[in-house]
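Colleague: what shape does this take:
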Amino acid sequence: MSLIGIDLGTSAIKVVAYSTDGTVLAQSSSTVPAYRPQPGHWEVDVSESRAAFDAALSAVAGDPAVRQDPPVALSFSSSGREVFPVAEDGTPLGRCLMTPDVRGDDVAAETAARRSPEDWFRLTGHVPRRMDPVNRALWWRKSHPEVAAKARWFMNWHEYYALLLSGRPVVDWSDAGTWATYDVATAGWSAERIAETGIDPRWLPEIRPNGDPIGQILPEAARRYGLPADMLVVTGAYDAYAASVGAGAVDSGFVALACGTWNSFNTPVLPGWPEGLVNDGMNVFPHPGPTGFGILVTNPNGMSVVDWARGLLHLSIEDLETGLAAAGPGPGYVFADAAFTPLPHVVADEGFGCTFSGVTLASTGVDIVRSLLEAIACEFSLSLDTLRSHGVEPVLVRATGGGSRNGWWLQLIADVSGVPVEVVAQEQPGAFGAAILAGVGAGVYPSVSEAIGRLVRVARRFEPEAARGRRYDGVRSRLAERGGSGRP
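Modeller: Okay, the predicted model is just below:
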């Protein structure tokens, strides 16, 4: 008996099969191309995502280890807030505008103006911005009315692949929570906010709890991928929250930091969260852990920034790590604010972009990339300070994603934030979290917390060094004065 977790990511789709004790049986990853036809635009062709999905799932399902230990359930970690129009027969009608795509600020302003920020935050956990699925759907209707007229649904990746596998377009609580029409009090769609936003209610998928069985896989899908005919398809979670499950960071005080393309984090919170968070660009969405909700902070200026700089400067990971190992205990002489892409809640202006200072003819590629890593780490520490100002006290950071392989950077995060940082042994926490939710839905595990206690193990821990952290007070102050990567 095994479980499959599928990480429906921004740049790749990763499929991993696990035995019920957490051992990896097989895994496969397939890249998804991104298109940026002009500055501020970021699109994905849904057919190319589907091809990546088919390739990765087929490879795992056909692996001999998986055939010997057939999966009983499958679930998803879904890159959230990204929707696209879909016809009645499941055919995508247009590309998916990814979260950093800046189109739609005018539509978002109209939606947000219907209520006060505090009212939106109380009712839905967030103020609807341009990347909110409601506003994306309304943007399609305004910009391409002929496409919107043909749409049966506007779907996120979770419900799109649920439809392909089970025949039901089902969205989980955490992904549904990103819609301005989700009601946190009833865990369902709000007829009042559907009416006031003007969204077509037919566009909305069915909502189910996280880790809830959707149904058996369709016979044709089972044949296509070589999966058991009685395998369950189970609701998953928003990718940041699925990764927090895979990293075992689901209790109050834990911070799940996703050091991937974005540098985003979430921390579990009980109902009755501080309403002042709305003024700091933070969101609250349903969480699959025991608290029921989680505070989510998103920053698109993560490893995408570092990878861009390394590519531009032809700097290998090995040379970067060698250079960082030789660095002194304080900040480098190059300063950067790492503000390459506006935050989702910030309206972009023509002059937006990263600013460097202290660059001389003696500066090296390591100096430039180091300044970006320092900025991202210090920006994260400032966000933790914001949480503390609202009475939310972080006690432990669990780091995941590609950036979590850089020990120098994780030590810096611990130092400037004053909180220990741990990395778990599981290399694909998003897929692992999805597999745990699949196991909960199939009755393999009685709860998310019980599964985490049984399966999640810590591989590395970084204790904060207060003296080194104080050396970065100047960097933190400069970022705070400049608004960091676009913080309000």
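Colleague: for the stretch 101-250 of the chain, which segments count as strands?
Modeller: For the stretch 101-250 of the chain, the strands defined by DSSP state E, counting those that start in this stretch occupy 153-155, 170-172, 182-183, 188-189, 206-208, 213-216, 232-234, 237-238.
Colleague: pLDDT of the longest helix seen in the chain, averaged?
Modeller: Ranked by residue count under DSSP state H, the longest helix found in the chain is helix 365-389. For helix 365-389, the mean per-residue pLDDT is 96.
Colleague: could you give the mean pLDDT of whatever helix or strand comes next after it?
Modeller: Proceeding N to C from helix 365-389, the next assigned helix or strand is strand 396-400, under DSSP states H and E. The average pLDDT for strand 396-400 rounds to 96.
Colleague: what about strand 396-400, distance to the chain center?
Modeller: Using Cα atoms, centre = their mean, to the nearest Å, the mean C-alpha position of strand 396-400 is found 14 Å from that of the whole chain.
Colleague: and the helix or strand following it, average pLDDT?
Modeller: For strand 396-400, the following helix or strand on the C-terminal side (DSSP H and E) is helix 407-417. Across helix 407-417, the average pLDDT comes to 97.
Colleague: partners of the very next helix or strand once past helix 407-417 in the sheet?
Modeller: Using DSSP H and E, the helix or strand that follows helix 407-417 in sequence is strand 421-424. Applying DSSP bridges to the sheet, strand 421-424 is found paired with strand 396-400 (parallel), strand 458-462 (antiparallel).
Colleague: got the contact list for strand 421-424?
Modeller: Residues external to strand 421-424 that are found in contact with it (Cβ atoms under 8 Å, 6 or more residues apart in numbering): 246-248, 257, 396-400, 404, 410-411, 413-414, 456-462. Yep, even glycine has a C-beta here, placed from its N, CA and C like the rest.
Colleague: are any of those buried, and which?
Modeller: Buried subset of these (neighbour count, 16 or more other Cβ atoms under 10 Å): 246-248, 257, 397-400, 404, 410-411, 413-414, 456, 462.
Colleague: which one of the residues you listed is nearest to R114?
Modeller: The shortest approach to R114 among these belongs to L257, at 33.6 Å (Cβ to Cβ).
Colleague: so that closest one, which state does it fall into?
Modeller: Recorded secondary structure, L257: strand (DSSP: H, G, I helix; E, B strand; the rest coil).
Colleague: for it, what are its contacts?
Modeller: Contact analysis of L257 by Cβ under 8 Å, 6+ apart lists N263, S264, F265, F380, V397, R398, A399, T400, I413, V421.
Colleague: pull the most distant pair out of those.
Modeller: Across the contacts of L257, the longest distance by Cβ to Cβ is 15.5 Å; it joins S264 and V421.
Colleague: okay, those two: which has more neighbours?
Modeller: More crowded of S264 and V421, by other Cβ atoms under 10 Å: V421, with 25 against 22.
Colleague: got the confidence number for the more buried one?
Modeller: 98.
Colleague: which strand residues bridge it?
Modeller: Beta-bridge partners for V421, by DSSP bridges, are V397, F462.
Colleague: check contacts around L479.
Modeller: Counting by Cβ under 8 Å, 6+ apart, L479 touches D337, A375, C378, E379, L382.
Colleague: just the buried ones among those, please.
Modeller: Counted by 16+ other Cβ under 10 Å, the contacts of L479 give D337, A375, C378, E379, L382 as buried.
Colleague: mind picking the two most distant members of those?
Modeller: D337 and L382 (11.7 Å).
Colleague: send me stretch 259-270 as CSV with only the CA atoms.
Modeller: The C-alpha coordinates for stretch 259-270 follow below in CSV (Å, rounded to 0.1, in the frame of the first residue of the first chain):
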residue,chain,number,x,y,z
CYS,A,259,12.7,29.0,-0.1
GLY,A,260,11.7,28.3,-3.6
THR,A,261,10.9,30.5,-6.6
TRP,A,262,9.1,32.7,-4.1
ASN,A,263,10.3,33.3,-0.5
SER,A,264,7.0,32.8,1.2
PHE,A,265,6.0,31.6,4.6
ASN,A,266,3.0,30.7,6.7
THR,A,267,2.4,30.2,10.4
PRO,A,268,-0.6,28.4,11.9
VAL,A,269,-3.1,30.6,13.7
LEU,A,270,-6.4,29.9,15.6
